[in-house]
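In: Generate a structure from the sequence data that follows.
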Amino acid sequence: MGRVEETVSELAEPIASRLGLELVEVEYRKEAGDWRLRVVLDKDGGVGVDDCQAFSQELGPVLDRADPVPHTYLLEVSSPGIERPLKKEADFERFAGRRVAVATFSPVEGRKRFSGELLGVDGGQVRVRLNDGEELAIPLAAIAKAKLAPEF
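Out: I've put the predicted structure just below:
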């Protein structure tokens, strides 16, 4: 996570908490020639447009005062969708029993990509039952990206 994301996360977390929302992630990147500051929120039962609007209205003035972003940017506030990213240890516990896709920084047992059922997290190890039935423990620190996988 870069400095902009860290600072915005620190500013956004108390607002999200006060509104009964969970801050899932903050991304700051250039897309199609424009800088975008994307804030992803969640809550039990899902985030709606009204939640995003209320959060955005509170965050905007805070960002204007703190001025943590070096470029002109577009602020996007959204829900995580069906492929919700899993970032924190608590996410891996909360979504146990759901299907996940995991990518690691370096190979774990000869592979860098895994999919299967999330079994939880224990002692810094994310446990996944792979599609072939094998159970695997992946160090949380080795995970580059993890997200819920759609179930159809």
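In: need the next SSE after the helix or strand where residue 93 lies, C-terminal direction.
Out: Here residue 93, judged by DSSP states H and E, is contained in helix 89-94. Following helix 89-94 in sequence order, the next helix or strand is strand 99-108 (DSSP H and E).
In: Which positions in that following strand come out as buried?
Out: By neighbour count on 16 or more other CB atoms under 10 Å, the buried set for strand 99-108 is 99-102, 104, 108. All C-beta spots, glycine's among them, are computed from the backbone N, C-alpha and C.
In: Kindly reformat those residues as JSON lines and extend each row with distance to residue 62.
Out: Shown next, in JSON lines, are these (distance: CB to CB, whole Å):
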{"residue": "99", "distance to residue 62": "36"}
{"residue": "100", "distance to residue 62": "33"}
{"residue": "101", "distance to residue 62": "34"}
{"residue": "102", "distance to residue 62": "34"}
{"residue": "104", "distance to residue 62": "35"}
{"residue": "108", "distance to residue 62": "39"}
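In: from those residues, which two are the most distant?
Out: 99 and 108 (18.5 Å; CB to CB).
In: Could you pull out the buried residues of the helix ranked longest in the chain?
Out: Using DSSP state H to define each element, the chain has its longest helix at helix 49-66. Buried positions in helix 49-66, judged by neighbour count with 16+ other CB under 10 Å: 51-52, 54-56, 59, 63.
In: Also stretch 27-40?
Out: Under 16+ other CB under 10 Å, the buried positions of stretch 27-40 are 27-28, 37-40.
In: Among these, which ones are in strands?
Out: Mapping the buried residues of stretch 27-40 onto strands (DSSP state E) picks out 27-28, 37-40.
In: Which two among the residues you listed are spaced furthest apart?
Out: Most distant of those, by CB to CB, are 28 and 40, 12.3 Å apart.
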